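S.K.: here you go, sequence then predicted model.
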Amino acid sequence: MVYSIRMRSAQGGPHEQGGQHISGAERLVSLENLTKVSQEFLERALHHSKGQPDFINLQIDEIPDTSVVKVPALSIKTTEASSISEAHAIATSLLQNAHISDQAITAAFHQLQQNTETVSGAWLVQADTGAIHPQTVRVSRMDAEREEDIHQHLQSHHCSSMHSREALILASKVLASPHIVGELCWSDDPDYTTGYVSYGNTYHRLSPMKDYGSPIGGRVFFIAPYTPLEELITYLTSTPTWVTTKG
């Protein structure tokens, strides 16, 4: 048996009541690790560079082993750009390689650069038209199948930070959906300037995607035409998923 543990924290009340998102985290863990990870999540919520939360939600659900699906971990590439504009240009080129329209790419960058609300969740953008769906989606219930394997996978590409680990796992689950064409993301953490583009089977890390100290960031999922939204949202939010490096 495994447990889904999810944390959200906000300032100014719960997210649903207009509170400003501070931090969030997701794991699938064994009973033996539940107490340890719960403590780690609380420490993370209470000591974040974006401020002190006055709302913390920690939710734990038991999940049968047989309900967990497996998806492959994406391969990793890292590019250090000389400037934010160069990193954005590289990201644009990668998204174009994924056959995402210029309208959609422009809409995505505009949405992320204007994200002063720091919403909890990702925007869904039509990959062909650039239309933005009003409902954001928070990806949930995912983790590495084996911690030592995902750590080795990251280490082999010289990116073993917590941010890289969580981004790789989330991007791997997202790209496993046949309805997702690609993803653009950079963190709203003021201390972290690396972002990424994912498409195909690769997680492309790019830095710098924003100014150091900026709290503006978020993520966009580019969705294929005629995507069944309810099916996609159910997968992203509710399907327990192991990310594996073993094929």
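M.R.: Arrived safely, thanks for sending.
S.K.: OK, contacts around the residue nearest to residue 12 when sequence neighbours are not counted?
M.R.: The spatially closest residue to residue 12, leaving aside those adjacent along the chain, is residue 19, at 4.4 Å (C-beta to C-beta, 6 or more residues apart in numbering). For the C-beta atoms, the positions are set from N, CA and C on the backbone; glycine is no exception. Listed by C-beta atoms under 8 Å, 6 or more residues apart in numbering, the contact set of residue 19 reads 10, 11, 12, 13, 54, 55.
S.K.: repeat that with 10 Å
M.R.: 8, 9, 10, 11, 12, 13, 53, 54, 55, 120 (C-beta atoms under 10 Å, 6 or more residues apart in numbering).
S.K.: what of residue 147?
M.R.: Per C-beta under 10 Å, 6+ apart, neighbours of residue 147: 29, 33, 165.
S.K.: how about residue 157?
M.R.: 75, 76, 77, 78, 164, 168, 203, 205.
S.K.: in the sheet, which residues pair with the third one? Tell me.
M.R.: By that I understand residue 77. As for beta bridges, residue 77 partners with residue 204 under DSSP bridges.
S.K.: tell me where the protein has strands.
M.R.: Assigned by DSSP state E, the strands in the chain fall at 2-11, 20-29, 55-63, 69-72, 75-80, 123-126, 142-144, 180-186, 195-199, 202-207, 218-223, 241-244.
S.K.: pop the domain breakdown of this structure in here.
M.R.: With domains defined by automatic domain parsing, the chain comprises 2-66, 70-244.
S.K.: buried sites along the lengthiest helix in the chain?
M.R.: Across the chain, the longest stretch assigned as helix under DSSP state H is helix 31-46. For helix 31-46, the neighbour count (16 or more other C-beta atoms under 10 Å) marks 33, 37, 38, 40, 41, 44, 45 as buried.
S.K.: now those as TSV including distance to residue 212 and pLDDT?
M.R.: What follows is these, written out as TSV (distance: C-beta to C-beta, whole Å; pLDDT from 0 to 100):
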residue	distance to residue 212	pLDDT
33	33	91
37	29	92
38	31	94
40	25	93
41	25	91
44	20	88
45	23	89
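S.K.: related to what we said a few turns ago, of the strands of the chain, which is nearest residue 112?
M.R.: Judged by C-beta to C-beta, the one of the strands of the chain that comes nearest to residue 112 is strand 218-223, at 5.1 Å.
S.K.: now for that closest one, which elements pack on it?
M.R.: When contacts are defined as 3 or more C-beta pairs under 10 Å, 6 or more residues apart in numbering; DSSP states H and E, strand 218-223 sits against helix 102-113, strand 123-126, helix 162-175, strand 180-186, strand 195-199, helix 229-238.
S.K.: how about a cut-off of 6 Å?
M.R.: helix 102-113, strand 123-126, strand 180-186 (3 or more C-beta pairs under 6 Å, 6 or more residues apart in numbering; DSSP states H and E).
S.K.: sounds good, over and out.
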